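Undergrad: Sharing a sequence plus its predicted fold:
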Amino acid sequence: MLQISPSILSADFANLESELARIATADWAHVDVMDGHFVPNLTLGLPVVEALKRVSPIPLDCHLMIEDPDRWAPQYAEAGGSSVTFHIEAAKDPVATARAIRAAGARAAFAVKPGTPFAPYADLLREVDMVLVMTVEPGFGGQSFMADQMAKVSEVREAVRRHGGEIWIQVDGGVSQDTIGQCVEAGADVFVAGSAVYGADDVPTRIDQLRALAAE
Ligand code: DX5
Ligand code: ZN
């Protein structure tokens, strides 16, 4: 199933409850957790995720751009993340981390940065519910979509097909009305969009539009 996960990184941080209400028709609320170390930007942490969980009309899709996810990722599941994605570049024991996320009741996923190949991690498919292929360098919203990552999306899609089961493929970064079609074509099925959603005059209409374009 094709799913839309608007990123609240582009929302008004002074009004997160109402900003979540604006994306109530989306499938997930994408929450970008940045620690100022793994990426050169700092956003929010566990207490804010707990607060978002209390008021969000839709499940939270936590994208952890942090060091030491082995230690922290399960806590994001306990704090209310229904899906928790950690970066493979930062994980020391990705199998244990994915298992701990699942044990805490959330869907587990790993992310690969644009410069990180997928193939060395193909065996991890048995431990996760989703793979996130970054289509920008993580750290900031509003960057240009990297079309050269579509080959990696196709590679993951083929690996998922061989593996069997229902593992989702998410793309994140520069996804918009102009680029979502290529992502679908390559095999992605969960679409993160920050500036394309919150930059729209009418947010629910933009979500509908992205969904319709994905389904084309
Ligand atoms: C970037 C974040 C993205 C970001 C996407 O590091 O992971 O989720 O919010 O923003 P846009 O859609 O504006 O590229
Ligand atoms: Zn993200």
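TA: Arrived safely, thanks for sending. Ligands and ions are numbered 1, 2, ... in the order given.

Undergrad: hey, let's count contacts and neighbours off CA atoms from now on
TA: Noted.

Undergrad: quick one: contacts of stretch 206-216?
TA: Stretch 206-216 is contacted by residues 2-4, 23, 25-26, 176-177, 180-181, 184, 196-197, 200 when judged by Cα atoms under 8 Å, 6 or more residues apart in numbering.

Undergrad: From those residues, which land in strands?
TA: Gln3, Ile4 (DSSP state E).

Undergrad: now, which of the contacts of stretch 206-216 lie close to ligand 1?
TA: Among the contacts of stretch 206-216, the ones lying near ligand 1 by Cα under 6 Å from any ligand atom are Ala196.

Undergrad: so is Thr116 in a helix, a strand, or just coil?
TA: coil (DSSP: H, G, I helix; E, B strand; the rest coil).

Undergrad: mind listing what it touches?
TA: Contacts of Thr116 (Cα under 8 Å, 6+ apart): Glu89.

Undergrad: likewise Glu17?
TA: Leu52, Val55, Ser56.

Undergrad: List only buried entries from the contacts of stretch 206-216.
TA: 2-4, 23, 25-26, 176-177, 180-181, 184, 196-197 (16 or more other Cα atoms under 10 Å).

Undergrad: Looking at these, which are in helices?
TA: The helices, defined by DSSP state H, take in Ile180, Gly181, Val184, Ala196, Val197 from the buried ones among the contacts of stretch 206-216.

Undergrad: does the spatially most central residue of the chain count as helix, strand or coil?
TA: For the chain, the residue nearest the mean C-alpha position is His63 (5.2 Å; Cα atoms, centre = their mean). Using three-state DSSP, the three-state assignment for His63 comes out as strand.

Undergrad: gap between it and ligand 1?
TA: 7 Å (Cα to the nearest ligand atom, to the nearest Å).

Undergrad: check contacts around that residue.
TA: His30, Val31, Asp32, Val33, Val84, Thr85, Phe86.

Undergrad: if we go to 10 Å?
TA: Residues near His63 by Cα atoms under 10 Å, 6 or more residues apart in numbering: 7, 30-34, 73, 76, 81, 83-87, 109-111, 132, 172.

Undergrad: Narrow the residues you listed to those in strands?
TA: Among these, the ones falling in strands (DSSP E) are 30-34, 81, 83-87, 109-111, 132, 172.

Undergrad: Now narrow the contacts of His63 to whatever sits close to ligand 1.
TA: Near ligand 1, by the rule Cα under 6 Å from any ligand atom, you find Ser7, Asp32, Asp172 out of those.

Undergrad: who are the neighbours in contact with the second one?
TA: What that stands for is Asp32. 7-9, 42-45, 49, 61-66, 85, 138-141.

Undergrad: just the helices in this structure please.
TA: Using DSSP H, helices in the chain cover 16-22, 46-55, 69-78, 94-103, 150-163, 180-186, 195-198, 203-215.

Undergrad: Next, format the ones next to ligand 1 among the contacts of His63 as CSV and append pLDDT.
TA: What follows is the ones next to ligand 1 among the contacts of His63, written out as CSV (pLDDT from 0 to 100):
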residue, pLDDT
Ser7, 98
Asp32, 98
Asp172, 99
